[in-house]
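Trainee: based on what follows, work out the 3D shape:
(chains A and B)
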Amino acid sequence: MKTIKEIYESIGLPRLIIGLFFICLVVVSIILGFSPAALFSDVVRRWLMYGTLVLAMVPGIQSGIGLNFGVSLGISAGLLGSVFAMEISFLRNWNEVLGAGAPWLTLLLALIFGIIMATILGTLYGLLLNRVKGSEMTVSTYVGFSVIAFMNIVWLSLAFKNGELSWPLQGQGLRNTASLSGSFGGLLSNPDVVQSTQPAWLHWLAFKIGDFTLPLGLILVFALLCFFVWLFFRSKMGIAMSGAGENQLFTTSSGIDVDRMRILGTAISTVLGAVGIILYAQTYGFLQLYNAPLMMGFASAASILIGGASVRRAKISHVLIGTLLFQGILVTALPVANEVIKIGTLPEVLRIIISNGIILYALSKTKGGNQ
Amino acid sequence: MKIREGETALDDQYLLSMKNISKEYFGNRVLKGVNLNVKPGEIHALVGENGAGKTTLMNILFGMPVIYSTGGFEGEIQINGESISIDSPHTAMNCGIGMVHQEFMLIPEFNVTENIKLGREIGEPTALSKIFGNLLEKMNWTQMSKEARKALDSIGMMNIDEYAKVAGMPIGYKQFIEIAREIDKTGIKLLVFDEPTAVLTEGEADRLLEIMRLIAKKGIAIIFITHRLTEVMAVADSMTILRDGEFVVRKDVKDITLTKIAELMIGRQIDKLVDDSLLASRDLSDNKIALEFKDYHVDMPGERVKGMNIKIREGEIFGFGGLAGQGKIGIVNGIIGLFDTQGDVFAFGKRLDLSKLGEALRNNIAFVSEDRRGVGLLLGESVERNITFTAMQIKDQFLRRIGPMKILDKAKADQHTREMIKLFDIRCTGPSQTAGSLSGGNQQKVCLARAITMDPKILIVSEPTRGIDIGAKKLVLEYLTKINREQGTTIVMISSELVELRSLCDRIAIVSEGKVFSVMKPDDSDAAFGLAMAGVREEEAV
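Mentor: Modelled structure (predicted):
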């Protein structure tokens, strides 16, 4: 009896409820005749797609700034890196010069650009958050909104030559949604892209087992990122950072500059945000500019909370569980809703209600709060 | 119950009489059969060291929830000879008992009248209030300010404007407004002043004492809680002395001397807290100085250090004692780096730059903070993380190099933690239990283990035995003595418990008003310690 109680306690009520809801949806969708393999492929794809963005919450929480709703800053850096990389790739005509290596180089360049910009922006953002101790989460929410608004202006004023990026009829400004099919889209996760553009020895990156798609490349990259974050929090610096998030006075009395640790945590969170959106875009196959990333910070924060994190403490396992549950429900809920209610746009409305409902529920479960 | 001489016959002469009051907090008896009797129109001083039970006694008198949530109390309270039960602060108020708080309970953005009348506003009925109840009545400002004015005048505060905002007023004024509020309550019979002069300047304090006499003259009884014995002598009619939760004596002030009060407050057996075998003598020399303070200031609110000069010898166990709020706590917090400091601190002759974080730690000084839960521990982290944290960050211990990164060496940390758990007998399920779930005594042992892990030459411990049980207390004190004798570690101990300091220190500095008032030997008389704690020079106390 005791072990059952222990298991229940380690899972926690919120995860139990959401987990059961997820299982119900899966059962209903299978009864309704959806292919389980296709369904699970989708769940896994979405899980990995959002995983890194949720992982970006961990350094923020551990260093004491709480949920980093301002991850949009990192997302913007990642998007900027991507469009610059694509433009350079277009101007240098890499696709013809390098062949199969072109998308790889573009992806690498996007990551490098994104990380450099995120490091700079993240540091400045950390300096700002140190000035508003106690209300970081409110401030970061508005930083997140503001940066998206600012980036709207940037997207509109960039004059790129790459036809995939610019508006079809005009020379200036970028599109809402730019396809990555000629670039690094699906490079790590889409079997069709991998089989058709890459040499045979790279075909293991993504393949199909029956109806089920296994994006092995993406799984490896995500696992590696999780491992790095895990390792970081076992390093001297990472332990100091966790201490700063847990008890500022204790950490100060051990001779550690708490403010520096918070800046570092914010910067790492922002960098992970940049990497996260690039991996998101490569999985999705499209770059979404303008207002698309507006609510991604909320979805990420909600995911890690559902996973069992508090605003003070978070672990990698919270990222994995939370993202799986959150995205799993969204993936399965839509086809089920489509099938059950067949009136106009109602399923889409329902999807929005469900996703925001999960976010609201997760936020209501936050423990700790400001210090 | 034993009837004291004269008690039965004079019982009805007392306005308030608390009889045989006992109170237990979680098995810890803080009050043991205490009596308190106050006559109408009398200023009665309640005297005792920190922890003597004054606050608990007052909490019982006010029916504070903290008393009832911890199992109530034993004994009887009588007002005018009638037995009553005070089960909430509201009842206490209805019985005519008022309190002037140490921390001001005023709303800064309200003006003087609003503050005085808060909760007892005078309303005029309006059309809305007739329908929706009297919460919607209109305020009768003229009446309210008139009454506020009257209350202020009655304590001689003609120069406070009743329409002025409280925010930004001098502290003394706030104290007087607080008093006016209590006076304004109708039917007030007894006023408690809890350390009212602690925050006041000398002039303001004199003024306050005058006001107290004025109030007493109107027939209102006053219970005056203070550490300043000179004020007791100046203003009180009679006094009750408490010591360690026990009733010592009730005396008229005219029958007692300052020295006698000091002696009664402190006087007690010095318990054997440390084995004699540990207390072997050492060579202490004035030429070998471990730690020196020169005009040392610490800007810690409530515990300011204001120009301290002291030399602590190598291999010494040195104590800092004194009353709360006098600055002894500030000494260690300045060295830790939590508050700004001025002046010089030398460790083994080297000047410490305390504006740099971790400066003391890098110079072989380790410390145990008095604020265990706030500063001393990562409550949500494991015992292991707590013990190894500082040594890891400052001395790169428990780390393994992997490429450019320094990664936790789990095996080493685990082994060290197990050793410490054994050494200090820390009761836990293992190194991975969270520190927050340990008992107070075990938490303190974890704090000490963390400091010892630094392998310090100077160890500063602040209130090492606060809130821990007797067994843990003995273990902690014995361990401090042991490392002092065996490893020659210089120990600086800051404590409110004089007994403790006197049982193991070589010298004890009594801190008063942010300075070292006097440096005493542990075998100096009780009276000498009592007077030093109260900040009175022996020659003044005749």
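Trainee: burial count for residue B:342?
Mentor: Using other CB atoms under 10 Å in any protein chain shown, residue B:342 has 14 other residues around it. Every C-beta, even on glycine, is put in place using the N, C-alpha and C of the backbone.
Trainee: equivalent analysis for residue A:113, please.
Mentor: 21.
Trainee: that one touches residue A:81, doesn't it?
Mentor: Yes - checked against CB atoms under 8 Å, the pair residue A:113 and residue A:81 is within contact range at 3.3 Å.
Trainee: how near is residue B:225 to chain A?
Mentor: Look at residue B:225 and chain A: by CB to the nearest CB, to the nearest Å, they are 31 Å apart.
Trainee: scratch that, residue B:87
Mentor: Counting by CB to the nearest CB, the gap from residue B:87 to chain A is 33 Å.
Trainee: which element is the most centrally placed residue in chain B on?
Mentor: When CA atoms, centre = their mean is applied to chain B, the residue found nearest the centroid is residue B:324 (4.4 Å). Under DSSP states H and E, no helix or strand contains residue B:324.
Trainee: isn't it right up against residue B:496?
Mentor: Yes - here residue B:324 reaches residue B:496: they are 6.5 Å apart, a contact under CB under 8 Å.
Trainee: what about the residue nearest to residue A:18 when sequence neighbours are not counted, how many neighbours?
Mentor: In space, and not counting its chain neighbours, residue A:18 is closest to residue A:325: 5.0 Å by CB to CB, 6 or more residues apart in numbering or on different chains. Residues near residue A:325, counting by other CB under 10 Å, number 22.
Trainee: could you do residue B:253 as well?
Mentor: Counted with other CB under 10 Å, residue B:253 comes out at 18.
Trainee: show me what contacts it?
Mentor: By CB atoms under 8 Å, 6 or more residues apart in numbering or on different chains, the residues touching residue B:253 are B:45, B:232-233, B:236-239.
Trainee: interface residues of chain A facing chain B?
Mentor: Taking CB under 8 Å from any CB of the partner chain as the criterion, chain A approaches chain B at residues A:231, A:234-237, A:239-240, A:242-243, A:246-247, A:249-250, A:252-257, A:312-313.
Trainee: ok but residue A:339 is inside a helix, no?
Mentor: Yes - counting by DSSP: H, G, I helix; E, B strand; the rest coil, residue A:339 is found in a helix.
Trainee: and it, what does it touch?
Mentor: residue A:32.
Trainee: how about low-confidence regions in chain A?
Mentor: A:1-2, A:170-171, A:365-371 (pLDDT under 70).
Trainee: ok and the residue in it nearest chain B?
Mentor: Closest approach of chain A to chain B (CB to the nearest CB) occurs at residue A:255, with a separation of 1.9 Å.
Trainee: which stretches of the stretch 101-250 of chain B form strands?
Mentor: Per DSSP state E, counting those that start in this stretch, the stretch 101-250 of chain B has strands spanning B:123-124, B:138-139, B:190-194, B:221-225, B:238-243, B:246-252. These are given in chain order.
Trainee: so which of these gets nearest residue A:52?
Mentor: Nearest of these to residue A:52, taken as CB to CB: strand B:190-194 at 57.4 Å.
Trainee: write out the residues of chain B neighbouring chain A.
Mentor: Counting by CB under 8 Å from any CB, chain B sits next to chain A at B:336-338, B:357-359, B:361-362, B:367, B:369, B:371, B:374-381, B:385, B:389-390, B:392-394, B:396, B:399, B:405-408.
Trainee: of the residues you listed, grab the buried ones for PyMOL.
Mentor: The following PyMOL line selects those of these that are buried, judged by 16 or more other CB atoms under 10 Å in any protein chain shown:
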select buried, chain B and resi 336+337+338+357+358+359+361+367+369+371+375+376+377+378+379+380+381+385+389+390+392+393+394+399+406+407+408
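Trainee: filter the residues of chain B next to chain A down to just the ones in helices.
Mentor: B:336, B:359, B:361-362, B:385, B:389-390, B:392-394 (DSSP state H).
Trainee: in JSON lines: the strands of the stretch 101-250 of chain B, plus mean pLDDT and mean neighbour count.
Mentor: Output for the strands of the stretch 101-250 of chain B, formatted as JSON lines (pLDDT from 0 to 100; neighbours: other CB atoms under 10 Å in any protein chain shown):
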{"stretch": "strand B:123-124", "mean pLDDT": "82", "mean neighbour count": "13"}
{"stretch": "strand B:138-139", "mean pLDDT": "82", "mean neighbour count": "13"}
{"stretch": "strand B:190-194", "mean pLDDT": "88", "mean neighbour count": "23"}
{"stretch": "strand B:221-225", "mean pLDDT": "91", "mean neighbour count": "24"}
{"stretch": "strand B:238-243", "mean pLDDT": "88", "mean neighbour count": "22"}
{"stretch": "strand B:246-252", "mean pLDDT": "87", "mean neighbour count": "16"}
